[in-house]
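Q: Got a predicted structure here, sequence first:
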Amino acid sequence: MRYSKLISKKEFQTYFQSPAAYIVMVVFLLITGWFFSSPLFLNNQADMRSLFGIIPIIYLFFIPAITMGLVAKERSSGTLELLTTLPVNDAEIIHGKFLSALGLIAVTMLFTLIHLFTIIILGTELDYGPIFTGYLGLLLLGGVYTSVGIFTSALTENQIVAFIISFLIVFFLFILEYTLMIIPSGVAGFFQYISVGYHLSNLTRGVIDTRNIIYFLSLIVFFLRLAVVAMESRKWK
């Protein structure tokens, strides 16, 4: 675990050593700012629901973009082999990179609190329970998408391929909620349960159900384990 923290710290610092992270964060905040301010000025409506509604969609592009090179870039440049010569195992490498990407997501989400402060300044009465659980749900959703992105990055040396595969997986998990009407009723319940939107919507309503937390954590563990297996597969060649 000690090596995971070291790798996480190094990767997190690497994000901010190039303009890419700043550009992605600024674009993310501009889009969320637009969707927050539009109802505020057009309908005189100030709440966090519009923000919580748009962020999962932005995640579909934002998270694959920041995770696609975490392993693929090191594989293509040959630095991954150098890293594995150190006293660190594949699981620690994966977990460290996961924590660094999730840290970047958390920092980006912190900047969206300016919208919450804006609502408070305007004197709008707020129910802080759904806001807290909403942010918790978005962080957990970010963790799921990050684990998917690291898994796909570990599959290939090509970052673009990693981005495309990651996008397709997270888009599938996202779109399931909207396809239930065309799915046979006998299996609709199953597909509803495996859709991320169903569990996220419960949290954004202020409902903390352990089944929702377990769902997100299980997916994170599952894809991180797949990422470790993908890393280890290079030894079989």
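A: It's in. Residues are numbered from 1 along each chain as shown.

Q: which secondary element of this structure has the worst mean pLDDT?
A: Each helix and strand of the chain was given a mean pLDDT (mean pLDDT, DSSP states H and E); the minimum falls on helix 79-84 at a mean of 62.

Q: next SSE after that helix?
A: For helix 79-84, the succeeding helix or strand toward the C-terminus, using DSSP states H and E, is helix 90-111.

Q: in that next one, what counts as buried?
A: 90-105, 108-109 (16 or more other CB atoms under 10 Å). C-beta coordinates here come from the backbone N, C-alpha and C atoms, glycine included.

Q: Does anything pack onto that helix? Which helices or strands?
A: Here helix 90-111 touches helix 2-15, helix 19-42, helix 49-67, helix 79-84, helix 128-155, helix 210-232, going by 3 or more CB pairs under 8 Å, 6 or more residues apart in numbering; DSSP states H and E.

Q: again, only using 6 Å
A: If you count contacts as 3 or more CB pairs under 6 Å, 6 or more residues apart in numbering; DSSP states H and E, helix 90-111 packs onto helix 2-15, helix 19-42, helix 128-155, helix 210-232.

Q: quick one, which of those helices is packed in tightest?
A: The highest mean neighbour count among those, using mean count of other CB atoms under 10 Å, belongs to helix 128-155: a mean of 23.

Q: Following the chain onward from that one, which element is next?
A: The first helix or strand that comes after helix 128-155 along the chain, using DSSP H and E, is helix 159-175.

Q: which residues are in contact with the helix or strand just after that next one?
A: With elements assigned by DSSP H and E, the helix or strand that comes after helix 159-175 is helix 185-194. Applying CB atoms under 6 Å, 6 or more residues apart in numbering, the contact partners of helix 185-194 are 176, 180, 183, 198.

Q: With adjacent residues omitted, what lies nearest to the second one?
A: Beyond its immediate neighbours in the sequence, the residue positioned closest to Leu180 (CB to CB, 6 or more residues apart in numbering) is Ala188, lying 5.1 Å away.

Q: Give the burial count for the one you found, as a bare number.
A: Look at Ala188: counted by other CB atoms under 10 Å, it has 14 neighbours.

Q: Glu125 now?
A: Neighbour tally, Glu125, other CB under 10 Å: 6.

Q: for it, helix, strand, or coil?
A: coil (DSSP: H, G, I helix; E, B strand; the rest coil).

Q: From Leu203, how far off is it?
A: From Glu125 over to Leu203 the distance is 21 Å, taken as CB to CB, to the nearest Å.

Q: where does this protein dip in pLDDT?
A: Low-confidence regions of the chain, defined by pLDDT under 70, span residues 1-2, 39-47, 76-87, 123-124, 234-237.

Q: Distance check, Ile160 against Gly69.
A: 10 Å.

Q: Settle it for me: which of those two has more neighbours?
A: The neighbour comparison of Ile160 against Gly69 (other CB under 10 Å) goes to Gly69, with 18 against 10.

Q: which pair in the contacts of helix 185-194 spans the largest distance?
A: Across the contacts of helix 185-194, the longest distance by CB to CB is 13.0 Å; it joins Ile183 and Tyr198.

Q: Most neighbours among the contacts of helix 185-194, which one is it?
A: Of those, Leu176 is surrounded by the most neighbours, 18 neighbours in total, counting by other CB under 10 Å.

Q: Excluding sequence neighbours, find me the nearest residue to it.
A: Ser195 (3.6 Å).

Q: pretty sure the one you found contacts Glu177?
A: Yes - using CB atoms under 6 Å, Ser195 makes contact with Glu177 at a distance of 4.2 Å.
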